[in-house]
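Engineer: with the input below, show me the fold.
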Amino acid sequence: MTVGEAAVQMSERQQQFSGTGEIRTGQEIDAAKLAAWMTDNVEGFAGPLTISQFKGGQSNPTYKLVTPHQNYVLRRKPPGLLLPSAHAVDREYRVITALHAQGFPAPRTFGLCTDDSVIGTMFYIMDCVDGRVIWDATFPDVPRDERAAYFDAMNKTIADLHMIDVEKAGLSDFGKPGNYFARQIARWSRQYLEDKDAGQVEAMDRLVEWLPANIPAGDETSVVHGDYRCDNMIFHPTQPRVLAVLDWELSTLGHPLADFSYHLMMYRMPPATTTGLIGNDLKALGIPSEDEYVAAYCARTGRAEGIPNLDFYVAYNMFRLAGIIHGIRGRVVRGTAASAHAVKTAEGVELLAGLAWEQAQKVR
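Structural biologist: All right, here's what the predicted structure looks like:
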């Protein structure tokens, strides 16, 4: 695929996942039951209520709730057979509620419902933040001279997240402190190996053995987002400011460098795979280099020595992302993820696993 073809694909992705559309088959919501629950549990709610579904939010179905006085967003567990630890919307609700209270750009929350009888699965309600979601990491709709400022806004936001006092935020029990890489590698390896429906991948098998034997020394703990990238945040309509970070399904207490290097993967991924930058002339686009971006994060988080072992962290994250997509493939096979996007995404397991193994070969 040429850079031009990739740009067209990313533009199509922007159109495909921006905004709302019809509610997908099998993910319908009983509006009357939901309105009754919101009347009892959401302060200030007043109908009538209109529901549409966001085109994005593939893992946990996400809906826009429109009322005469305020708009809301609903995130729910998807219906169907799920892995036990997946789609924990109650954890999402907890972390964004806590971070919003600390002044971090997470949406305000209004209520969590654990009663499956209301709409069929657990869900929560949060504020509908007006702004822009940017699906292409080249920020094609932003003037060239402003792109560096948008990258700096992303950089500052993830640095701010990692500097939050976990105890002050009330999140000291949000995950297990210490040994994050060992635990995560074991988790994703187990999930990969147990999902027989999705099949085996040679590079994944190699990484399952290689990664736990090559974990760098040292440990740190912070709140980590787990899926921090440009299309999981809402930017101000006209300014280089992050108004809200979304999709906290994979958040926990973990190693901040795992979180940052996941975000940094954009510099080492092709556009056809995700929000990747490989193949683009970054200087011509006005986008900072990987080294410049790393240096800015390190300056904000007090890392005078930079990030040793960065290649390992990137290899781990590519493995983890391949594991997530492997899980999507399993859901496609089982029929619980039937969208065209899920089917297309599931095809990328081998490519991502291969990229992860390439990063591992750089580690000395």
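Engineer: strands of the stretch 1-150 of the chain, residue ranges please.
Structural biologist: 20-21, 50-54, 62-66, 71-76, 109-113, 123-127 (DSSP state E, counting those that start in this stretch).
Engineer: tell me the pLDDT at Gln9?
Structural biologist: What the model reports for Gln9 is a pLDDT of 44.
Engineer: no no, Cys113
Structural biologist: So, for Cys113, pLDDT stands at 96.
Engineer: pLDDT below threshold where in the chain?
Structural biologist: Residues of the chain that meet the criterion pLDDT under 70 lie in 1-19, 56-58, 80-87, 272-274, 338.
Engineer: 50 instead?
Structural biologist: Low-confidence segments of the chain (pLDDT under 50): 1-11, 13-14, 16-17, 83.
Engineer: most packed of the strands of the stretch 1-150 of the chain?
Structural biologist: Mean neighbour count (mean count of other CB atoms under 10 Å) peaks for strand 123-127 among the strands of the stretch 1-150 of the chain, with a mean of 23. Glycine gets a C-beta too; all of them are placed from N, C-alpha and C.
Engineer: packing partners of it?
Structural biologist: The contact analysis (3 or more CB pairs under 8 Å, 6 or more residues apart in numbering; DSSP states H and E) places strand 123-127 against strand 71-76, helix 89-101, strand 109-113.
Engineer: can we see that at 6 Å?
Structural biologist: For strand 123-127, the packing partners by 3 or more CB pairs under 6 Å, 6 or more residues apart in numbering; DSSP states H and E come out as strand 71-76, strand 109-113.
Engineer: ok, which of these comes nearest Arg132?
Structural biologist: Proximity to Arg132 (CB to CB) singles out strand 71-76 among these, at 15.5 Å.
Engineer: picking that back up, any chance of the helices and strands packed on strand 123-127 in JSON lines, plus distance to Asn280?
Structural biologist: JSON lines is the format used below for these (distance: least, CB to CB, whole Å):
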{"stretch": "strand 71-76", "distance to Asn280": "32"}
{"stretch": "strand 109-113", "distance to Asn280": "37"}
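Engineer: and the strands of the stretch 1-150 of the chain as CSV, adding distance to Thr238?
Structural biologist: Putting the strands of the stretch 1-150 of the chain into CSV (distance: least, CB to CB, whole Å) gives the following:
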stretch, distance to Thr238
strand 20-21, 22
strand 50-54, 22
strand 62-66, 22
strand 71-76, 20
strand 109-113, 26
strand 123-127, 20
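Engineer: nearest to Cys230, of these?
Structural biologist: strand 50-54 (16.5 Å).
Engineer: the closest one vs strand 62-66, what angle?
Structural biologist: Strand 50-54 and strand 62-66 are oriented at 150 degrees to each other (axes from the mean of the first three to the mean of the last three CA atoms, to 10 degrees).
Engineer: neighbouring contacts of strand 50-54?
Structural biologist: Thr20, Ile23, Ile29, Ala31, Thr62, Tyr63, Lys64, Leu65, Val66 (CB atoms under 6 Å, 6 or more residues apart in numbering).
Engineer: listing partners with orientation, what would you give for that strand?
Structural biologist: Strand 50-54 has the following sheet partners, assigned by DSSP bridges: strand 20-21 (antiparallel), strand 62-66 (antiparallel).
Engineer: distance to Leu193 for those strands - can I get that in CSV?
Structural biologist: CSV is the format used below for the strands paired with strand 50-54 (distance: least, CB to CB, whole Å):
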stretch, distance to Leu193
strand 20-21, 36
strand 62-66, 30
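Engineer: closest to Arg229 out of those?
Structural biologist: Once the strands paired with strand 50-54 are compared by CB to CB, strand 62-66 is nearest, at 16.2 Å.
Engineer: restricting to C-alpha, output that closest one in PDB.
Structural biologist: Output of strand 62-66 as PDB, limited to C-alpha atoms (Å, rounded to 0.1, in the frame of the first residue of the first chain):
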ATOM      1  CA  THR A  62     -21.400   3.400  23.100                       C
ATOM      2  CA  TYR A  63     -24.600   5.500  22.600                       C
ATOM      3  CA  LYS A  64     -25.500   9.100  22.500                       C
ATOM      4  CA  LEU A  65     -28.500  10.100  24.600                       C
ATOM      5  CA  VAL A  66     -30.200  13.300  23.600                       C
END
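Engineer: quick one: residues in contact with that strand.
Structural biologist: Identification of contacts with strand 62-66 by CB under 6 Å, 6+ apart yields Thr20, Leu49, Thr50, Ile51, Ser52, Gln53, Phe54, Tyr72, Leu74, Arg75.
Engineer: tell me which two in the contacts of strand 50-54 are the farthest apart.
Structural biologist: Ala31 and Thr62 (16.1 Å).
Engineer: one step back: quick one: closest of the helices and strands packed on strand 123-127 to Met266.
Structural biologist: Among the helices and strands packed on strand 123-127, strand 71-76 sits nearest to Met266 (CB to CB), with 24.4 Å.
Engineer: follow-up on the earlier one: how about the contacts of strand 62-66 in a markdown table, adding distance to Arg187?
Structural biologist: A markdown table is the format used below for those (distance: CB to CB, whole Å):
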| residue | distance to Arg187 |
| --- | --- |
| Thr20 | 33 |
| Leu49 | 38 |
| Thr50 | 39 |
| Ile51 | 34 |
| Ser52 | 35 |
| Gln53 | 30 |
| Phe54 | 28 |
| Tyr72 | 32 |
| Leu74 | 28 |
| Arg75 | 22 |
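Engineer: show me which pair in those residues is furthest apart.
Structural biologist: Thr50 and Arg75 (17.5 Å).
Engineer: right, I'll leave it there.
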